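Enquirer: Dropping a prediction and its sequence here:
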Amino acid sequence: MSMVRKGIRNRVRTRRASTAALTLLMAGVLGTAGAGASSAGTSTPAQQKKQIASSVLGSDYKITLTALQSPEDQYAATVELQVYKQSGGAWKETDLVTVGNVNGWFWFPVTGSGAICEFSTASTEPAPLAVSLLVTPSIGCSDPVNYLVKEGRVYAA
């Protein structure tokens, strides 16, 4: 094979390789741009929050149960127990605990009718507190979880 033919053959190979590389590069750029464009219009829905129970103990404490819908799973929820103390004419949060596991409840049963199976409090110091929530209509209520509220803080009983 002559040197001229080898040179032409090498240039053709180089051009083909360059064309293939450029094509792959453009496909990658366009694919990235397309992916960005397709997700640009979507966003994570705002986390819904719903107070499901509340109790005021004398004039000192207020206790609330709030369900927070999971941002990852619209059917899951976290339930938070918050304690507030009256201070300067306003309620100030003094403690916050999760009832059960994070995202351990079902959003619709825990925010629907009959969600509160038991929510009992007392105006004593320390204040006993019991919480039982609807797991699902077919399963029924959770076992009660017992707490003590002492000086604005929540403790397992």
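Expert: Yep, it's here.

Enquirer: Report how many residues lie close to Thr124.
Expert: Thr124 has 11 neighbours, counted by other CB atoms under 10 Å. Bear in mind the C-beta positions are built from the backbone N, C-alpha and C, glycine included.

Enquirer: repeat for Gly100
Expert: Using other CB under 10 Å, Gly100 has 16 other residues around it.

Enquirer: does it really touch Glu80, like I thought?
Expert: No. Contact between Gly100 and Glu80 fails when scored by CB atoms under 8 Å: they sit 10.3 Å apart.

Enquirer: Not counting sequence-adjacent ones, nearest residue to Ser59?
Expert: Gln86 (6.0 Å; CB to CB, 6 or more residues apart in numbering).

Enquirer: Could you measure from the one you found over to Asp73?
Expert: According to CB to CB, to the nearest Å, Gln86 stands 36 Å off from Asp73.

Enquirer: okay, the two: which has more neighbours?
Expert: Higher neighbour count among Gln86 and Asp73: Gln86, with 14 against 11, using other CB under 10 Å.

Enquirer: What residues are bridge-paired with that one?
Expert: Gln86 has these beta-bridge partners by DSSP bridges: Trp91.

Enquirer: Spatially central residue for this protein, please.
Expert: Centre of the chain computed as the mean C-alpha position; nearest residue by CA atoms, centre = their mean is Ser70, 3.3 Å away.

Enquirer: pLDDT score assigned to it?
Expert: We note a pLDDT of 96 for Ser70 in this prediction.
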